[in-house]
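In: Here is the input, now give the coordinates:
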Amino acid sequence: MPKINGNEIRPGNVLEHNAHLWVAVKVDHVKPGKGGAYAQVEMKNLRNGSKLNERFRSADKIEKVRLEQKDQQFLYETDGMLVFMDLETYEQIELPADILGERRPFLQDGMTAVIEYYDAEALSASLPQKVICKIVETEPVVKGQTAANSFKPAILDNGVRVMVPPFVAQDESIVVNTETMEYSERA
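Out: Numbering: from 1, shown residues only. Just a heads-up that it's a prediction; the model follows:
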């Protein structure tokens, strides 16, 4: 694995530190008036989710880990486990449902997700950036309410609440950004 200097750490980098795998969540470069510069790195453990704040000087060498990414199709959920199938080998794997966190409701049957592997261990899963959902409940459209940049609450078919523009009506399909969990556009 390649080693990088402490000042080369960027958010999203996966690092091996103290025999654990960590993802850099936040990186602040600090240059105090006295002493050498360092990077203050907030890291999250990929296996158990614990957090750690660590300082790395530019002379420190850190192992940067490359994760293998595979597209896998979601098949079904059973006993709190999500079953995915590799699109090339047709091999099936089970991952805990909480691997997706708050984005879990956006997972739909047959959807292709990107699973990140370290050796043969699946560490994370990410959904497509945009997903089409149907609005099952929202306030009715009110004429003349377009002057102000206002939003109204809506409940989607997967139970998630999002804020939508006033012109969007019930039973319409919309595109939701799964990273920000916000309305993106009409479908």
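In: from here on, contacts and neighbour counts on C-alpha atoms
Out: Noted.
In: dump the residue contacts of Ala97.
Out: Glu77, Gly80, Met81, Leu82, Arg104 (CA atoms under 8 Å, 6 or more residues apart in numbering).
In: tell me the domain boundaries of this protein?
Out: Under the assignment automatic domain parsing, the domains of the chain span 3-64, 68-126, 130-186.
In: can you give me the end-to-end distance of the last one?
Out: The distance separating the two terminal residues of domain 130-186, taken as CA to CA, to the nearest Å, comes to 12 Å.
In: and if you look at stretch 33-53?
Out: 21 Å.
In: Please enumerate residues in contact with it?
Out: 6-7, 9, 20-31, 54-58, 123-124.
In: Show me which of those residues are buried.
Out: Burial by neighbour count, judged by 16 or more other CA atoms under 10 Å, picks out 6-7, 9, 21-27, 29, 55-58, 123-124 from the contacts of stretch 33-53.
In: residues in contact with the helix or strand that contains Val176?
Out: Assigned by DSSP states H and E, Val176 belongs to strand 173-177. Residues outside strand 173-177 that contact it (CA under 8 Å, 6+ apart): 129-135, 182-187.
In: again with stretch 108-122
Out: By CA under 8 Å, 6+ apart, stretch 108-122 touches 66-76, 95, 123-128.
In: Which is the succeeding secondary structure element to the lowest-mean-pLDDT helix or strand in the chain?
Out: Lowest on mean pLDDT, DSSP states H and E among the helices and strands of the chain sits strand 121-126, with a mean of 84. Helices and strands here follow DSSP H and E; after strand 121-126, the next one along the chain is strand 130-138.
In: Could you look up the SS state of the residue lying farthest from the centre of the chain?
Out: Relative to the mean C-alpha coordinate of the chain, counting by CA atoms, centre = their mean, the farthest residue is Lys34 (38.3 Å). Recorded secondary structure, Lys34: coil (DSSP: H, G, I helix; E, B strand; the rest coil).
In: swap in the one 5 residues further on?
Out: Using three-state DSSP, the secondary structure recorded for Ala39 is strand.
In: same deal with Arg103?
Out: helix.
In: Would you mind giving me the confidence score for it?
Out: For Arg103, the pLDDT comes out at 85.
In: Contacts only, for it.
Out: Leu127, Thr178, Glu179, Met181.
In: Put together JSON lines for those, with distance to Gly159 and neighbour count on each row.
Out: Converted to JSON lines, the contacts of Arg103 look like this (distance: CA to CA, whole Å; neighbours: other CA atoms under 10 Å):
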{"residue": "Leu127", "distance to Gly159": "17", "neighbour count": "19"}
{"residue": "Thr178", "distance to Gly159": "14", "neighbour count": "21"}
{"residue": "Glu179", "distance to Gly159": "17", "neighbour count": "13"}
{"residue": "Met181", "distance to Gly159": "13", "neighbour count": "18"}
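In: Let's have those residues in a markdown table, adding distance to Pro140 and pLDDT.
Out: Converted to a markdown table, the contacts of Arg103 look like this (distance: CA to CA, whole Å; pLDDT from 0 to 100):
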| residue | distance to Pro140 | pLDDT |
| --- | --- | --- |
| Leu127 | 31 | 88 |
| Thr178 | 25 | 85 |
| Glu179 | 27 | 81 |
| Met181 | 22 | 84 |
